[in-house]
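J.: Structural data only, the sequence is not supplied:
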């Protein structure tokens, strides 16, 4: 990436400001009908810092996705939330829906697991890349299109001008996830929540998307919350790793610490579940 | 094209299968007892020819735009249909527009407030709408809102003291707008309210149910969560993403609803003296006016074909995945 692009991308956009970090403290979430209320998050503390990939690992049902959704304000209806999620100086849990909408998609963005279902099948790529950008920045259609072309180029989608006119079904899963990442980065967010960003992709394209995420993190100073059950992905990308089980964080540390010297029994069992060739001996990239 | 020929054949065969004698119906008892008059009538109407010959003659006239002469009114069927069709189109369009707005709107509200009291009330209203027979509702509405309350005019398309606007589309509301005649426009619109409401109630109920389930399905989609995560305002998410995603099943049901709406016009037009296809076909059928019956059959068949074509075209407009590359 050239220096000029980097400057263009790293500038702070409009909306609430802050140092670009998300700090989660004692986050508690309860879900379900009154008769069968259950605690899905039970006192989570977690930081997502600029330029860092924070990994959140754990099996399904451990609450790792709920943590990401809580930050986005996308918990299911009827959820009760306690604790604190600060974004810079802003307490996200106290924002009105309107002010929350000014943050999400703008300062904090999200990409989800399956790009074939997370993009609208009937709307053009241009529409899906630009509608929130125009809503957040008030940019003209032409400016938004220029920005979209820039982003598609950044995430290495070939022939961006043609791609803008196409629809999701005309792309492969890997290309779509790149497009989804481009869409998430349109408004120059400082935090990206990536919920299982490679799980639905072919193994052959996973590595490319992971490299792209790592590059964005390093080059743009993006803080990434990487939610995945895949410790292989985790060991390739994360700077720090938190391991969740039953709505609590049971272990945390640098990638090296957690992967090579897991302290908690549960983390050891997760690592043991990895295929032999995928098990990193020293915490370096397995590739 | 093949479909059109099929429609003519089916219409023709069905009309002639009717086990009733049009001669009896047209001539009356005394004349029908006289073999000479019967013979002359059959010859003039072409009824003395074998059926295949009659069909070919019918087709030959049809391609020249000649649907024959009504045995009842002695007028060209095509001219009579030309007056009746726009009246029914106006009524049906009015009803379908109201149904689309209310049905889809109520369906969306029910889906968004699923399992709440609002949802239950909407379900009740749509069930009532689907269950009430339209001929009964037409009589009740006619009696209450016209005869008792005098809220809206109850018969015809325009008050007798007004002259219809110059014909452009044949729809009084549209034509009076084109002519800039606001008095005629509001009068035509007022005449439309009762019959269109009666017709619309069933389709509103139908559309509400299907829109509710279509919207519910889309609300759970990842792309709606993405739209929310992008920080788009609620209305943009709802109209741009949710409604857009549920439009294909909604359009499908609207096509079907429009068809049922057309058959509903037969009863409703008779109650409200709306001189459209419904009333015309009722008169033709009760008097065994064969050319008129065939004319109606043809028109309805063509309307259905056009309707299906329109729905297919709309699929392509809505969903890029069904567009031909």
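T.: Thanks, I have the structure now. It should be emphasised that the depicted structure is a prediction, and the values quoted were computed from it without experimental measurement.

J.: now the helices for the stretch 151-300 of chain B?
T.: Along the stretch 151-300 of chain B, the stretches classed as helices by DSSP state H, counting those that start in this stretch are B:172-178, B:182-219, B:222-229, B:234-236, B:244-271, B:277-286, B:290-318.

J.: Just the closest residue of the stretch 201-325 of chain B to chain A, please.
T.: residue B:231 (3.2 Å; C-beta to the nearest C-beta). C-beta: built from backbone N, CA, C; applies to glycine.

J.: so that residue makes contact with residue A:132?
T.: Yes - assessed by C-beta atoms under 8 Å, residue B:231 is found in contact with residue A:132 at 5.9 Å.

J.: any shared contact partners between these two?
T.: Shared contacts of residue B:231 and residue A:132 (C-beta atoms under 8 Å, 6 or more residues apart in numbering or on different chains): A:105, A:106.

J.: chain center to the longest helix along chain A: distance?
T.: Ranked by residue count, the top helix of chain A under DSSP state H comes out as helix A:203-220. Between the centre of helix A:203-220 and the centre of its chain there are 12 Å (C-alpha atoms, centre = their mean, to the nearest Å).

J.: what's the following helix or strand after it?
T.: Remark: after helix A:203-220, the chain's next helix or strand is strand A:223-227, criterion DSSP states H and E.

J.: Packing partners of that following strand?
T.: Other elements packing on strand A:223-227 under the criterion 3 or more C-beta pairs under 8 Å, 6 or more residues apart in numbering or on different chains; DSSP states H and E are strand A:38-48, strand A:53-57, helix A:64-72, strand A:191-195, helix A:203-220, helix A:231-237.

J.: Could you pull out the buried residues of the fifth one?
T.: With burial defined by 16 or more other C-beta atoms under 10 Å in any protein chain shown, the residues of helix A:203-220 counted as buried are A:205, A:206, A:207, A:209, A:210, A:212, A:213, A:214, A:216, A:217, A:219, A:220.

J.: Same question for stretch B:272-280.
T.: Neighbour counts over stretch B:272-280 (16+ other C-beta under 10 Å) mark B:272, B:274, B:275, B:276, B:277, B:278, B:279, B:280 as buried.

J.: Of these, just say which sits nearest to residue A:78.
T.: residue B:272 (48.4 Å; C-beta to C-beta).

J.: mind listing what the closest one touches?
T.: Applying C-beta under 8 Å, 6+ apart, the residues near residue B:272 are B:138, B:142, B:154, B:155, B:156, B:194, B:195, B:198.

J.: from those, which would you call buried?
T.: So, by 16+ other C-beta under 10 Å, the buried ones in those are B:138, B:142, B:154, B:194, B:195, B:198.

J.: what's the following helix or strand after the helix or strand where residue B:10 lies?
T.: Per DSSP H and E, residue B:10 falls inside helix B:2-17. Using DSSP H and E, the next helix or strand after helix B:2-17 towards the C-terminus is helix B:22-27.

J.: neighbours of whatever residue of the stretch 1-150 of chain A ends up closest to chain B, just the number please.
T.: Per C-beta to the nearest C-beta, residue A:105 is where the stretch 1-150 of chain A lies closest to chain B, at 3.2 Å. Neighbour count of residue A:105, defined by other C-beta atoms under 10 Å in any protein chain shown: 28.

J.: so what's residue A:243 up against?
T.: A:57, A:58, A:249, A:250, A:251, A:252, A:258, A:264, A:266, A:267, A:270.

J.: make that residue B:114, sorry
T.: residue B:216.
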